[in-house]
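Chemist: Mind folding the following:
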Amino acid sequence: MRLCVIGNSHTASLKAGWDRLGGSYKSAEIMFFAARGNNLSFLEAKEGECLFTNHKGLNRSLAFTSGGDNIIRDDFDAFLLYGLGASPYYNRSGATFSVGAETQAIIDIIESKLSYNIL
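Modeler: From the prediction side, this is the model:
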């Protein structure tokens, strides 16, 4: 099983855990691609092939966190997007909105998140 983890600085905690326990799971391989904050917003997609960037700082971060690779290819069994601003929608105001208005609010929130754009 090959897993690709794409994330921001929150990925460091996951990587630390994997470094500590990963040796117990010989059939699993995890590759991490991470960058601080919203720097992954500089990723571009080459349809059906990979995610890449021409941004020098992001290229350095990807290569550092992955162990040398700065291109995220599509040859993994699964992908995990980690710590990229995905969060549930809550209507905290208590106001009642139409289904259409509520649906559009949810779409607007989701589409503005880095996790959605990477996905």
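Chemist: all contacts plus neighbour counts: C-alpha atoms, from now on.
Modeler: Will do.
Chemist: so where do the helices sit in the protein?
Modeler: Shown for the chain, the helices assigned by DSSP state H span residues 11-21, 56-66, 99-111, 114-118.
Chemist: So what's the residue count around the spatially closest residue to Ile71 that is not a sequence neighbour?
Modeler: Distances taken as CA to CA, 6 or more residues apart in numbering place Phe52 nearest to Ile71, at 5.0 Å, with adjacent residues excluded. Counted with other CA atoms under 10 Å, residues neighbouring Phe52 total 19.
Chemist: shouldn't Phe52 be in contact with Ala45?
Modeler: Yes - assessed by CA atoms under 8 Å, Phe52 is found in contact with Ala45 at 6.5 Å.
Chemist: contacting residues for the residue nearest to Ile71?
Modeler: Neighbouring residues of Phe52 by CA atoms under 8 Å, 6 or more residues apart in numbering: 43-46, 70-72.
Chemist: Residue nearest the middle of this protein, spatially speaking?
Modeler: Centroid check for the chain by CA atoms, centre = their mean gives Leu81 as the closest residue, at 3.2 Å.
Chemist: hmm, back to that, a markdown table for the helices of the chain, including mean neighbour count and mean pLDDT?
Modeler: Output for these, formatted as a markdown table (neighbours: other CA atoms under 10 Å; pLDDT from 0 to 100):
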| stretch | mean neighbour count | mean pLDDT |
| --- | --- | --- |
| helix 11-21 | 13 | 93 |
| helix 56-66 | 18 | 96 |
| helix 99-111 | 13 | 85 |
| helix 114-118 | 18 | 82 |
